[in-house]
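Peer 1: Sequence below, structure please.
(chains A, B, C and D)
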Protein chains: 2
Amino acid sequence: MTGRTDPRVLRSRATLLNTTLRLLAERGIAATTIEAIAEQSGVAKTTIYRQWDSQPALVLDAFGSILQTPSDPDTGSLHGDLMELLTGLARSLSTGPAAGLMFALIDAAERDPAFAALHRREADTRHSVIVAVIRRGIARGELPAGTDPAEVLDMLAGPLFHRRAISGAVVDVAYAESVVNRVLAAYGAAG
Amino acid sequence: MTGRTDPRVLRSRATLLNTTLRLLAERGIAATTIEAIAEQSGVAKTTIYRQWDSQPALVLDAFGSILQTPSDPDTGSLHGDLMELLTGLARSLSTGPAAGLMFALIDAAERDPAFAALHRREADTRHSVIVAVIRRGIARGELPAGTDPAEVLDMLAGPLFHRRAISGAVVDVAYAESVVNRVLAAYGAAG
DNA sequence: TAGTTTCGCTACGGAAGCGTAGCGTAGTCT
DNA sequence: AGACTACGCTACGCTTCCGTAGCGAAACTA
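Peer 2: The predicted structure is shown next:
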């Protein structure tokens, strides 16, 4: 359809998305102005407006550019699968800018429909893998039949987010493991 | 020390804090400008600067003005105490502007030390009550000796926050009850 | 190599918000 | 009543950011 794109466009586009993500993490959404992005990236302001209509459009694109669906680990056991997924979540909550971006997105989604839609899309794709893993666990009999996967999901991911965002404590692999064990125990699974 | 304060100051101060909170909920921190607060409150911009140095000072004051420590319910049982506290949390996450303000505060705390300190203070005062309740439960033998109250806290409040902020589902009393029951079960308490 | 497209750069006009000064009015205290 | 204080209002200069126009240089395509 689109044939090939001028490499200059691809280059400036990639540069701008990277710079935008960096500024979002450093300064937040509101302070990530077109002016600042132009200055920090070395790309001219006019070039930005040639590819995006407005600041929200660029920021939304930047957020969208880091969405990634975690792969299904399929280790053979529910405990193994959940440990893989929650370890990944713990890592992205602890290191790198992803956590800060997530909180900024949640806040923006409270008031802006476009950010809300993006947030919804991000959460859905990320959750679909976990839900699939939980369903498989139910099918295997590792969780009671009739268990609500969405409920289990909130029980698993919630403590990690809360600990990071509100309690302000460390979220590492050891913590992820203790959460997985507690939740499985709560549903009467074999510890 | 301060003796008495001119009622005109108290009045304009109260008006401004209320208006600021409303705008924070409606527009977020960045868009809650001094100019907007003046316009919406009917209080002159100059009057605002007579009481606060800057926008962050006023916004921090506004956030601080709604901090409230929940009272210890002390119903006699751990289950009863936790239900009281989590029902309150569920309510404030579902209705009113408090939830949006909370997410804005979390986001701001990621980058601004002053907001981080306020966030820390808010979380600590709110958590101290829950931790006390959990400790009492341990003393009564309703939770195993050696249980880490902070861990239980994240297991309880985390799912509610996650469900509200990320899953986007309803957080009501029924949900709070299911979380309390699951967590107590996870720690081997009598259901 | 010749034509096309993107780029960087400069220069705008306009909007919004900041923070302050000066002044007359209205409310408060004694 | 009289002194005092906070208030509202207007006006201002300053800064930041917006979004666009025009142009020559550079990079890409065929």
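Peer 1: Next one: stretch A:88-96, is it in contact with chain B?
Peer 2: No - judged by CB under 8 Å from any CB of the partner chain, stretch A:88-96 stays clear of chain B, getting no closer than 11.1 Å. For glycine as for every other residue, the C-beta is placed from the backbone atoms N, C-alpha and C.
Peer 1: Give me the residues contacting that stretch.
Peer 2: Stretch A:88-96 is contacted from outside by A:70, A:98-99, A:102, A:157, A:160-161, A:164, A:170-173, A:175-176, using CB atoms under 8 Å, 6 or more residues apart in numbering or on different chains.
Peer 1: What of stretch A:175-183?
Peer 2: Contacts to stretch A:175-183, defined as CB under 8 Å, 6+ apart, come from residues A:79, A:82-83, A:86-87, A:89-90, A:152, A:155-156, A:159-160, A:163, A:191, B:151, B:155, B:182-183, B:186-187.
Peer 1: tell me what the helix ranked longest in chain A is packed against?
Peer 2: The residue-count maximum for a helix in chain A (DSSP state H) belongs to helix A:113-140. Applying 3 or more CB pairs under 8 Å, 6 or more residues apart in numbering or on different chains; DSSP states H and E, we find helix A:113-140 packed against helix A:55-64, helix A:78-94, helix A:98-109, helix A:149-162.
Peer 1: Is it possible to get JSON lines of those helices that adds distance to B:Leu23?
Peer 2: Shown next, in JSON lines, are these (distance: least, CB to CB, whole Å):
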{"stretch": "helix A:55-64", "distance to B:Leu23": "20"}
{"stretch": "helix A:78-94", "distance to B:Leu23": "30"}
{"stretch": "helix A:98-109", "distance to B:Leu23": "15"}
{"stretch": "helix A:149-162", "distance to B:Leu23": "27"}
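Peer 1: got a markdown table for these, with mean neighbour count, mean pLDDT and distance to DNA strand C too?
Peer 2: As requested, the helices and strands packed on helix A:113-140 are arranged in a markdown table below (neighbours: other CB atoms under 10 Å in any protein chain shown; pLDDT from 0 to 100; distance: least, CB to the nearest atom of the strand, whole Å):
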| stretch | mean neighbour count | mean pLDDT | distance to DNA strand C |
| --- | --- | --- | --- |
| helix A:55-64 | 18 | 97 | 13 |
| helix A:78-94 | 19 | 97 | 31 |
| helix A:98-109 | 22 | 95 | 17 |
| helix A:149-162 | 23 | 98 | 31 |
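Peer 1: Of all those helices, which one is nearest B:Ile106?
Peer 2: Nearest to B:Ile106 among those is helix A:98-109 (5.3 Å), distances taken as CB to CB.
Peer 1: on that earlier part again, starting at the chain centroid, how far to the longest helix of chain A?
Peer 2: From the chain centre to the centre of helix A:113-140 is a distance of 11 Å (CA atoms, centre = their mean, to the nearest Å).
Peer 1: Over to stretch A:164-178?
Peer 2: Distance of stretch A:164-178 from the chain centroid (CA atoms, centre = their mean) equals 17 Å.
Peer 1: Check which residues of that stretch are buried.
Peer 2: Within stretch A:164-178, the residues scored as buried using 16 or more other CB atoms under 10 Å in any protein chain shown are A:Arg164, A:Ala165, A:Ile166, A:Ser167, A:Val171, A:Tyr175, A:Ala176, A:Glu177.
Peer 1: Would you mind writing the CA trace of the helix or strand where the last one lies as CSV?
Peer 2: Yep, that's A:Glu177 we're talking about. Counting by DSSP states H and E, the element that carries A:Glu177 is helix A:173-186. The C-alpha atoms that make up helix A:173-186 are tabulated as CSV, following Å, rounded to 0.1, in the frame of the first residue of the first chain:
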residue,chain,number,x,y,z
VAL,A,173,11.7,-11.2,41.9
ALA,A,174,11.5,-12.3,45.5
TYR,A,175,8.5,-10.1,46.1
ALA,A,176,6.8,-11.3,42.9
GLU,A,177,7.3,-14.9,44.0
SER,A,178,5.8,-14.2,47.4
VAL,A,179,2.7,-12.7,45.7
VAL,A,180,2.3,-15.6,43.3
ASN,A,181,2.5,-18.1,46.2
ARG,A,182,0.0,-16.2,48.4
VAL,A,183,-2.5,-15.8,45.6
LEU,A,184,-2.2,-19.5,44.6
ALA,A,185,-2.7,-20.3,48.3
ALA,A,186,-5.7,-18.1,48.4
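Peer 1: closest to B:Thr32 out of the helices and strands packed on helix A:113-140?
Peer 2: Comparison of the helices and strands packed on helix A:113-140 against B:Thr32 by CB to CB identifies helix A:98-109 as nearest, at 13.0 Å.
Peer 1: Against which helices or strands is that closest one packed?
Peer 2: Applying 3+ CB pairs under 8 Å, 6+ apart, one finds that helix A:98-109 makes contact with helix A:7-27, helix A:78-94, helix A:113-140, helix B:98-109.
Peer 1: what's next to it, contact-wise?
Peer 2: Counting by CB under 8 Å, 6+ apart, A:21, A:24-25, A:28-29, A:63, A:66, A:92-93, A:115-116, A:118-120, A:122, A:164-165, B:28, B:103-104, B:106-107, B:110-111, B:165-166 sit against helix A:98-109.
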